[in-house]
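Colleague: coordinates for the following, if possible.
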Amino acid sequence: MTFDNLDLIEPILKALKTEGYTQPTPIQEQSIPLILQRRDLLGCAQTGTGKTAAFAIPILQILKNEQTNERGPKGIKALILTPTRELAIQIEESFSAYGRFTGLRHLVVFGGVSQHAQTTALQRGVDILVATPGRLLDLMSQGFINLQSIKLFVLDEADRMLDMGFVHDVKRVIAKLPAKRQTLFFSATMPREIVELANTILVNPAKVEVTPVSSTADTIKQAVYFVEKNNKRKLLNHVLEDHNIATALVFTRTKHGADRVAKDLNSAGIQAEAIHGNKSQNARQRALSNFKSRTTRVLVATDIAARGIDVEELTHVINFELPNVPETYVHRIGRTGRAGASGIALSFCDAEEKPFLRDIHKLISKNIPVVEDHPYHFNSIGKAEIVASTAEKARLANKPKKKWSSRPKSF
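Modeller: The predicted structure is shown next:
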């Protein structure tokens, strides 16, 4: 099965090819045809299974096929409601990637930042809105958002909505939606409260259930470095002093973070390029080509940009920032150690990311070995504990002949 077999329109197929996608994941293969048939959908699936593309691709196709030649601002046609800022950003980046040739307008809104840029974009007109509940209700109350033109509604990560206390907000949003609409409902688990909520908003839904990838290949050696957040860039430079690292794919959570890390590496004399959704198609293809040919030693990527990356003999994956969704960790490190080859996955963990690390340990059913023999290690309390002495720091700064070990002794 390929995406060509899913009866997708040319602008979307072109975007998928640009992203390097050829074969749909199980949830995409099952969900896309059902959504294109305009069925309501009840999906039991976690982030990491390809769920976002499973609803983003058919939504883009439906709206593209229904586009008219009307001018001026139009009502919002699709609403995707998700519990966290991070997930909202990732989903909007997916719509940007898959819809780049459709001409459809999309926007993400979330709290914790000024609303000015968001309201300006809303006034220009938006086809697809990705939102967190609090900011959405706030903008609705101010009159910036009207949901009466909604044709497609996606409730994503419903069980996390429940855990975070958003269910009442979700019900307030649903009450403002048109009764006639297509609804897609996704949840990793189905406790009684979630089933009851699904029953109130879905009409004769199709059901799709997919088990996420939850194990890592034995050929991939994993290690974690505890480090203060503001020392991560220094640690990355230190790790890359090991010339046994021929190529490294470095992951950040944001596009801005990817640009900043790549800039710092180049300043340190390490050839690096960033790849993310804000880069032009030509720039992304050039960066990937340079990485595959090893003209560029380090490629810094966000998760959405990295999904189409398949590089033979990739030796290292480095999580500059741990993902907030544990399944994403499995997918990230799976970029190395392919086809029976060995690979190394290194992760930097600051104090704020320790809950993410615990979730990863729980998912993969083992603890990742800790590297303590590095100059920026901090203790379990989170207080910085620079291991290197003053003399050793000076020696490192002067490019010592004998380098610190960047890998666990078991390596």
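Colleague: use CA for all of it now, contacts and neighbours both
Modeller: OK.
Colleague: ok, what's across the strand from the closest residue to Ile368 other than its chain neighbours?
Modeller: Nearest-residue entry for Ile368: Ala223, 5.6 Å, with adjacent residues in sequence omitted and distances by C-alpha to C-alpha, 6 or more residues apart in numbering. Bridge pairing for Ala223 (DSSP bridges) gives the partners Leu346.
Colleague: Lys292 contacts Val311, doesn't it?
Modeller: Yes - counting by C-alpha atoms under 8 Å, Lys292 does reach Val311; the two are 6.1 Å apart.
Colleague: Ile364 against Asp218, yeah?
Modeller: No - in this structure, Ile364 is not within contact of Asp218 by C-alpha under 8 Å, at 11.4 Å.
Colleague: neighbour count: the two, which is higher?
Modeller: Ile364 (17 against 11; other C-alpha atoms under 10 Å).
Colleague: mind checking how far the more buried one is from Gly165?
Modeller: For Ile364, the distance to Gly165 (C-alpha to C-alpha, to the nearest Å) stands at 27 Å.
Colleague: could you do Pro58 as well?
Modeller: In terms of C-alpha to C-alpha, Pro58 sits 30 Å off from Gly165.
Colleague: between those two, which one's more packed in?
Modeller: Neighbours per residue (other C-alpha under 10 Å) separate Pro58 from Gly165, with Pro58 holding more: 24 against 12.
Colleague: can you tell me which helix or strand the more buried one belongs to?
Modeller: helix 51-66 (DSSP states H and E).
Colleague: Gln285 too?
Modeller: helix 281-292.
Colleague: list the buried ones in that helix?
Modeller: By neighbour count on 16 or more other C-alpha atoms under 10 Å, the buried set for helix 281-292 is Gln281, Arg284, Gln285, Ala287, Leu288, Asn290, Phe291, Lys292.
Colleague: how about the residue nearest the centre of the chain, what does it touch?
Modeller: Compute the mean C-alpha point of the chain, and by C-alpha atoms, centre = their mean the closest residue is Asp303, 4.3 Å away. Shown in contact with Asp303 (C-alpha atoms under 8 Å, 6 or more residues apart in numbering): Phe251, Thr252, Arg253, Thr328, Arg332.
Colleague: any weak-confidence spans in the stretch 151-300 of the chain?
Modeller: Confidence mapping of the stretch 151-300 of the chain against pLDDT under 70 gives the ranges 212-213, 281.
Colleague: which parts of it are helices?
Modeller: Assigned by DSSP state H, counting those that start in this stretch, the stretch 151-300 of the chain shows helices spanning 158-163, 167-175, 192-201, 232-239, 255-267, 281-292.
Colleague: looking at these, spot the one closest to Val113.
Modeller: Comparing the helices of the stretch 151-300 of the chain against Val113 with C-alpha to C-alpha, the closest turns out to be helix 255-267 (15.6 Å).
Colleague: by how many degrees do that closest one and helix 232-239 diverge?
Modeller: Put simply, helix 255-267 runs at 40 degrees to helix 232-239, going by axes from the mean of the first three to the mean of the last three C-alpha atoms, to 10 degrees.
Colleague: all numbers from here: first residue = 34
Modeller: With the count now opening at 34, the last piece we talked about shows up as helix 288-300.
Colleague: before we move on, the earlier item: mind checking pLDDT for the residue nearest to the centre of the chain?
Modeller: At Asp336, the model reports a pLDDT of 79.
Colleague: surely the residue nearest to Ile401 meets Asn400?
Modeller: No - here Ala256 does not reach Asn400: they are 9.3 Å apart, not a contact under C-alpha under 8 Å.
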